[in-house]
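Trainee: Prediction below, plus the sequence it came from.
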Amino acid sequence: MAGFTGDKMDQPSISLPRLNQPAPDFQANTTHGPKKLADFKGKWLVLFSHPADFTPVCTTEFVEFARHSADFKKLNTELLGLSVDAIFSHIQWVRSIEEMFKVKVDFPVIADIDMKVAHAYGMIHPGASDTATVRCVFVIDDKQNVRTMIYYPLSNGRSIAEILRIVEALQTSDANGVATPAEWKVGQMVIVPPPRTQADAEKRIEEAEKSGHEIQAWWFVKKKL
């Protein structure tokens with residue numbers, strides 16, 4: 001039962017996935033036929049929700065996702081959209097986007113009428129809307145673990161370039177055992193994980209200098225890949 005905080009009624013709790021934990025399983029109808037999470041195993045997946053079909057902000061996002069589709073594919077990454085609209089609405093909207101903006105929307109869109117996927121991923125926020133999904137982005141890795149979660153309000157569109165950048169950053173970190181700094185892009189220096197013991201910390205500066213790494217402190221070292 002909802003309680004009160006001050007003079008405001010508490011909102012119902014929202015169940016959210018957790019970073020580095022298995023992504024919630026799903027099976028749903030899409031514009032490309034039935035899809036389930038297991039269909040994407042071995043690939044990275046960007047699952048993103050939009051509030052409604054035939055709305056201007058969502059349309060701009062779909063156009064940009066479509067324009068960057070090949071860039072995601074180069075990273076072994078699939079795109080999967082979602083809203084609570086019906087499949088026929090999705091199909092007509094996608095066709096309209098392709099005709100109006102001369103782009104090919106080559107990724108599927110889930111018709112989540114019963115909101116099962118939306119609730120599993122915490123896409124329904126009563127403070128924003130009881131019936132529409134907010135703008136969520138989930139980056140799911142090739143082992144089907146959630147690696148990134150981004151939430152946007154209904155009123156503001158996403159940066160598709162940033163979503164592409166975080167996929168590249170995650171894959172770089174996984175492949176090389178490193179971290180990436182703010183605003184990092186492919187080709188820039190990465191951060192070497194800090195030492196875990198005092199003995200390793202004492203060796204860090206000497207080893208880093210010999211390797212030509214950029215040194216700020218024993219705990220802050222950057223290098224080129």
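Mentor: It's in.
Trainee: List of residues touching the longest helix along the chain?
Mentor: Of all segments of type helix in the chain, defined using DSSP state H, the longest is helix 160-176. With CB atoms under 8 Å, 6 or more residues apart in numbering as the test, helix 160-176 has contacts from 44, 46, 48, 61, 64-65, 67-68, 71-72, 75, 77, 137, 139, 141, 147-148, 150, 178-180, 184-186, 190, 225. Backbone N, C-alpha and C define where each C-beta goes, glycine included.
Trainee: Now it - C-alpha only, PDB.
Mentor: The C-alpha coordinates for helix 160-176 follow below in PDB (Å, rounded to 0.1, in the frame of the first residue of the first chain):
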ATOM      1  CA  ILE A 160      22.400   8.500 -30.900                       C
ATOM      2  CA  ALA A 161      26.000   9.400 -31.200                       C
ATOM      3  CA  GLU A 162      26.400   9.000 -27.400                       C
ATOM      4  CA  ILE A 163      24.800   5.600 -27.500                       C
ATOM      5  CA  LEU A 164      27.100   4.500 -30.200                       C
ATOM      6  CA  ARG A 165      30.100   5.900 -28.200                       C
ATOM      7  CA  ILE A 166      29.200   4.000 -25.000                       C
ATOM      8  CA  VAL A 167      29.000   0.700 -27.000                       C
ATOM      9  CA  GLU A 168      32.400   1.400 -28.400                       C
ATOM     10  CA  ALA A 169      33.700   2.300 -24.900                       C
ATOM     11  CA  LEU A 170      32.300  -0.800 -23.300                       C
ATOM     12  CA  GLN A 171      33.700  -3.100 -26.000                       C
ATOM     13  CA  THR A 172      37.100  -1.400 -25.700                       C
ATOM     14  CA  SER A 173      37.100  -1.800 -21.900                       C
ATOM     15  CA  ASP A 174      36.200  -5.500 -22.200                       C
ATOM     16  CA  ALA A 175      38.800  -6.300 -24.800                       C
ATOM     17  CA  ASN A 176      41.700  -4.500 -23.100                       C
END
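Trainee: After that helix, heading C-terminal, what element do we hit next?
Mentor: Note on helix 160-176: by DSSP states H and E, the next helix or strand toward the C-terminus is strand 190-192.
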